[in-house]
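Undergrad: I would like to see how this sequence folds:
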Amino acid sequence: MNNGNNKFKFYFIIFLVASIFVLASCSRCPKSCNDFNDCTRDFCDKDTGYACAHHKIDGCTCGDKECEKDIGENECTCAKDCGKCTGNVNDYVEKGCVDDICISKLKDSVELLTQTAVREVKTSYFNIDLKITYDDPLNVESSEVTSEFRLEDINPAIKDLKLTGITIYDDKQILMNEILFSEKMDSIKDSFKKTVVLKGYQVVDVKKKKTLFMDIAYEYEQKYGDTYKTIRSSQKQKFGPVLLVSAGTI
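TA: Sure, this is the predicted structure:
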């Protein structure tokens, strides 16, 4: 009889302890309610039944685990949601923020050198000095190539000499950029300057430097007897070698 009572007491004590434990746990909040969302207020109390609650903070967007590009969030304005704008692209280019836009840009450690190539645009009828100024490395997404022309000699048998355009391309005939214009050169020492802003060149090999070419288009009126005939042609000039890099908006 005593054995039966002892067993009953034992199981009753176990039940009582378990009940106390359950009741205690039901009236106590977890150690942490952090949902790792910066745009929620995390709390727990008796009004929540001692369960974690997460209320959205009005006006908060950065830190809510969603990269909302339609409201201007990106790697630079909200790295918490969109990821960081960092990392190497290659030995010369890295990711970085400029004006809250994630771009690839030249590393600060890369030395940017200004190079100058002096050439002659020379035919039987005229001679023009040409100076090409460019950066090395040359950023094919935004760099400028500047050309300065000066007339050194002209044959009286022609008139209305004009330079009409510049085309820049690489040694594989891949177009980098071109501009069209109409600059008249009538007298010795007439000069002008043109700048080509590179944009959209796709093939970049940072392992070796490239030779670049500038094609200069021109036209003039050549005298034949009592009349003049329009002559149009172009001349290719080489410059470089130069290292090409692509650094622009990602």
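
Undergrad: which stretches of the chain form helices?
TA: Taking DSSP state H as the test, the helices found in the chain are 2-26, 79-82.

Undergrad: now the strands: where do they sit in this protein?
TA: For the chain, the strands defined by DSSP state E cover 40-43, 53-56, 93-98, 101-106, 113-122, 126-136, 138-139, 144-154, 158-170, 175-184, 191-197, 210-224, 227-242, 244-245.

Undergrad: right, so those: which one is the most enclosed?
TA: strand 244-245 (a mean of 26; mean count of other C-beta atoms under 10 Å). (Glycine included, C-beta is placed from N, CA and C.)

Undergrad: can you name the residues bridging to residue 120?
TA: Taking DSSP bridges as the rule, residue 120 bridges to residue 129.

Undergrad: I'd say it and residue 126 touch.
TA: No - applying C-beta atoms under 8 Å as the test, residue 120 and residue 126 come out as separate, 10.4 Å apart.

Undergrad: any idea which of the helices of the chain scores lowest on pLDDT?
TA: Out of these, helix 2-26 stands lowest, with a mean of 53 (criterion: mean pLDDT).

Undergrad: tell me the pLDDT of residue 141.
TA: pLDDT, residue 141: 87.

Undergrad: same check on residue 78?
TA: 95.

Undergrad: that one contacts residue 67, correct?
TA: Yes - with contact defined as C-beta under 8 Å, residue 78 and residue 67 form a contacting pair (7.1 Å).

Undergrad: ok, those two, which is more surrounded?
TA: Neighbour totals were compared for residue 78 and residue 67, and residue 78 leads with 21 against 17 (other C-beta atoms under 10 Å).

Undergrad: show me the protein divided up by domain.
TA: Domains of the chain are assigned by automatic domain parsing as 1-60, 69-106, 113-245.

Undergrad: with that, I have no additional questions.
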